[in-house]
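Participant: I need the structure of the sequence given here:
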Amino acid sequence: MAEVWNRSKWLAFLMLLQSVSTTFLAAFEDIIRAQPVIAMFMMMLVGVGGNSGGQAVARAIQLITLNGYVPGNGIFRRQLEKELSVAVWLSLTLAWFACAMVWIGQGGSSNAIAIAFSTGFIILVSVLAGTSLPYGLHRAGIDVVHSAAFIQVAMDVWGIVTTCFFVSLLLPKKVWGV
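Facilitator: Residues are numbered from 1 along each chain as shown. Sure thing, here's the model as predicted:
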C-alpha cells in the first residue's frame with residue numbers, strides 16, 4: 001500500500017499540473033481557432049519537450065547511479081555544461097526541422113517561423129530542466145524515479161505556454177482573425 005500511496009500522490013499532483021495548460025489554451029483560444037495549424041502541431045511541440053527532457057532525465061539518472069552523486073562533487077555542473085551544448089544544437093536542428101514540416105504542410109511562413117521558435121525554446125528549456133530535475137530531487141531526498149513523469153507533464157505545460165507566447169509575439173493580430 002505504501003507504493004500505491006507514493007505513486008498516487010505524485011500522479012494526482014501531475015494531473016493538477018497538467019490541468020494548468022487548459023488555462024493557457026483558453027487564453028489563446030482566438031488565435032488557435034484562427035490558425036488551426038497551431039493546434040495541428042501542438043502535440044508535436046509538447047511531445048518534443050517531453051521527449052527531449054526525458055532523454056536528459058534518463059542520462060542524469062544514469063550518471064547519478066553510476067557515479068554516486070554527492071552535492072558539490074562537480075558531476076552536476078559538468079553534466080549541465082555538456083547538456084547546454086547538446087540543448088543548443090538540438091534546438092537549432094529540430095527548430096529547422098519543425099519549420100520545414102509546417103512549411104511543407106502548407107502552414108505558411110508566419111506559422112512555420114512561430115512554430116520553429118517555439119520548438120527551439122521548448123527543447124532548450126526541456127533539456128536543461130531534464131538534466132537538473134533528478135539532481136534537485138536527489139538533493140531533496142525524493143526518489144529520482146519521479147523525474148521522468150514530472151518532466152513529461154511539466155514540458156507539456158511548458159510547450160503550450162511557449163507556443164502561445166511565440167505565436168502571439170510573432171504573428172500579427174490580423175493573422176489571429178481578431
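
Participant: ok, now how distant is residue 77 from residue 39?
Facilitator: Going from residue 77 to residue 39 by Cβ to Cβ, to the nearest Å gives 40 Å. For the C-beta atoms, the positions are set from N, CA and C on the backbone; glycine is no exception.

Participant: Please disregard the earlier target; I meant residue 106.
Facilitator: For residue 106, the distance to residue 39 - Cβ to Cβ - is 15 Å.

Participant: Comparing these two, which residue is more hemmed in?
Facilitator: More neighbours surround residue 39 than the other of residue 106 and residue 39, with 13 against 9 (other Cβ atoms under 10 Å).

Participant: The more buried one: what's it in contact with?
Facilitator: Residues in contact with residue 39 (Cβ atoms under 8 Å, 6 or more residues apart in numbering) are residue 32.

Participant: if we go to 10 Å?
Facilitator: Neighbouring residues of residue 39 by Cβ atoms under 10 Å, 6 or more residues apart in numbering: 25, 31-33, 163.

Participant: And residue 134, by the same measure?
Facilitator: By Cβ under 10 Å, 6+ apart, the neighbours of residue 134 are 56-65, 69, 76, 79, 142-148, 150-151.

Participant: quick revisit: let's have the contacts of residue 39 in CSV, adding pLDDT and distance to residue 122.
Facilitator: Listed next are these as CSV, based on pLDDT from 0 to 100; distance: Cβ to Cβ, whole Å:
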residue, pLDDT, distance to residue 122
25, 82, 16
31, 79, 18
32, 80, 17
33, 82, 22
163, 88, 8
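
Participant: May I ask which of these has the most neighbours?
Facilitator: residue 163 (28 neighbours).

Participant: Leaving aside the residues adjacent along the chain, what's closest to it?
Facilitator: residue 118 (4.4 Å; Cβ to Cβ, 6 or more residues apart in numbering).
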